[in-house]
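Colleague: Provided below are the primary sequence and the corresponding predicted coordinates.
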Amino acid sequence: MEDKSVVKKAFKGFLFTLLAQIIVLLLSIARSMILPKVLSVPDYGYWQIYVLYSSYVGIFSIGYSDGIYLKYGKYQYDELPFPRLRTATRYYMAVLAVFTVSSMMFCLLISDVNRQFSMFGVCIDIFLMGMNGLLIYILQITNQMKAYSFYSVIDKVVLLAAVIIISMAPDRVFSWVVMADVFSRVVVTLLLFIRFKDLFTGPGVPGKTGWIEFSDDIKIGINLMTANLMGMFVTGIGRFIVDLFGDITEYAYYSFGITITNLVMVFITAVSLVLYPTLKRLPESDYGEYFERLNIAVILFNFIALFAYFPAMIFIQFFLPQYFPISAYIHFLFGVIVLQAKMQMLINTFYKVLREEKALLKANLSCVVVFLFMAVSSFYYTKKVTAIAICTFIAMIYRCYASEFFVRRKMGLRISKDMLFEMTYIIVFVLVISFNDFVPALLIDIIMFAGYLVYSVPKYKKYGFRLKVR
């Protein structure tokens, strides 16, 4: 009965989170349609430079937020040790402030004025996103998914409203969009501070005790934080290479391709946010069964998600023809994103519940090394962004299935032949699009998917889609 109530509560939280992510998806689609249309290609490139670097400011949290996420994953909100956390969080805020001011000083050395402006926005985000990440994590681990859903949407609403206003202005430049994004984060930070006032006001503990809590949370979370950053590098480092060695137009094209494919992640994000705190409240003996059931659902979702490539290409051809050059490699990015989806929802979640953050770090770090070995040399000799996309795809295949092999072995599960089938399906999907025109590729992929459904009927009858509770 206890397991059943946990799953029911998780499902309710999932519905709130899914609704929030659907809203985020609609807002993201609107923003993705407006910005490339109203900004010049170079301006869109500078906006994407801001987006890229701000996505990595989590490194300045030095693992504190991740440590709280792992350490207090089973706690209810009123069970948290507030006096210890108050003092530890004050140390954390001081560290973020030092990083923010120091990085601003380094920005003064950048000669390109537009890039300098983008990077100043990133510097401000160090503090804002550092605090947002901490407080959002607390909402997640204490299963306050309704509140999480609200705070994850509000900044997107503010930003989209600002983008619409900017699009109607005579001078539409990326700097206004950067300022609008920073402002939206300020709004969310203030609202979160008000909600969590009991984390900032009230008695603390002696400074030494607070420092012990702060440093302990960092020790616990530093491996997970680094592993997550290495995982992001697998897809993000290609953008760094294009940014460093290509021109701003090439970078804008490649970033737009990443933006389009990332829309696939919305549903997966909704599920993954709920999974970790839910699994932490369930018996470890059931982990293997949940893994197998969730894996079936993820495979089906990913195979369906691959078809998003076809409407995406129609949209680009008719509404944003200036970005059509990405047709040379966007199908590889769709392959990358479904592999990333499986990593985020399923495999990373089980790395965390098994407390194998070091193994996750090693897997992600080795993937980055594999990618760099391939990508730097191939881009240097070809000077083609397509090489980056292909190398990212190959590295993600290695990362996803090597990690699944490890997690299965850790839980005592057999190595399923579905791993080979799934990997082959995704590779064939990409190759079919590479060597066929639009309509033949669509027909072949429909036939492939129909064949998969026929093949999988016995498996779905055995497992179904519901999470069975004993």
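Modeller: Structure received. Numbers count the residues shown, from 1 in each chain.
Colleague: Could I get the average pLDDT for the longest helix seen in the chain?
Modeller: For the chain, the helix that runs over the most residues, judged by DSSP state H, is helix 207-245. Average pLDDT, helix 207-245: 83.
Colleague: which secondary structure elements does that helix contact?
Modeller: Under the contact criterion of 3 or more Cβ pairs under 8 Å, 6 or more residues apart in numbering; DSSP states H and E, helix 207-245 touches helix 41-54, helix 64-71, helix 82-107, helix 248-262, helix 330-342, helix 348-353, helix 357-382, helix 385-411. Quick note: C-beta positions are derived from backbone N, CA and C, even for glycine.
Colleague: Apply 6 Å and report the result again.
Modeller: Contact partners of helix 207-245 among helices and strands, from 3 or more Cβ pairs under 6 Å, 6 or more residues apart in numbering; DSSP states H and E: helix 64-71, helix 82-107, helix 248-262, helix 357-382, helix 385-411.
Colleague: Which secondary structure elements does whatever helix or strand I299 lives in sit against?
Modeller: Assigned by DSSP states H and E, I299 falls within helix 287-305. With contacts defined as 3+ Cβ pairs under 6 Å, 6+ apart, helix 287-305 has these neighbours: helix 330-342, helix 438-463.
Colleague: still on that earlier bit, can you tell me which of the helices and strands packed on helix 207-245 the model trusts least?
Modeller: The minimum mean pLDDT among the helices and strands packed on helix 207-245 belongs to helix 248-262 (a mean of 79).
Colleague: Can you name every helix or strand that that one contacts?
Modeller: Helices and strands touching helix 248-262, as assessed by 3+ Cβ pairs under 6 Å, 6+ apart, comprise helix 41-54, helix 207-245, helix 330-342.
Colleague: angle of the shortest one against helix 385-411?
Modeller: Right, helix 330-342. 20 degrees (axes from the mean of the first three to the mean of the last three Cα atoms, to 10 degrees).
Colleague: Please identify the buried residues of helix 330-342?
Modeller: By 16 or more other Cβ atoms under 10 Å, the buried positions in helix 330-342 come out as 330-342.
Colleague: got it, and stretch 108-118?
Modeller: 114-115, 117-118.
Colleague: P42: which of the helices and strands packed on helix 207-245 is closest?
Modeller: With Cβ to Cβ as the criterion, P42 lies closest to helix 248-262 of these, at 4.9 Å.
Colleague: In the chain, which residue sits furthest out from the middle?
Modeller: Largest separation from the mean C-alpha position in the chain: P206, at 37.0 Å (Cα atoms, centre = their mean).
Colleague: count of neighbours near Q322?
Modeller: Per other Cβ atoms under 10 Å, the neighbour tally for Q322 reads 15.
Colleague: Please report how far the residue nearest to it when sequence neighbours are not counted lies from T386.
Modeller: The shortest distance from Q322 to any non-neighbouring residue, by Cβ to Cβ, 6 or more residues apart in numbering, is to V41 (6.5 Å). Distance, V41 to T386, by Cβ to Cβ, to the nearest Å: 18 Å.
Colleague: for E292, same thing?
Modeller: Counting by Cβ to Cβ, the gap from E292 to T386 is 37 Å.
Colleague: Could you do M374 as well?
Modeller: 13 Å.
Colleague: same question, F150
Modeller: With Cβ to Cβ as the criterion, F150 and T386 are 41 Å apart.
Colleague: what mean pLDDT would you report for stretch 43-51?
Modeller: 87.
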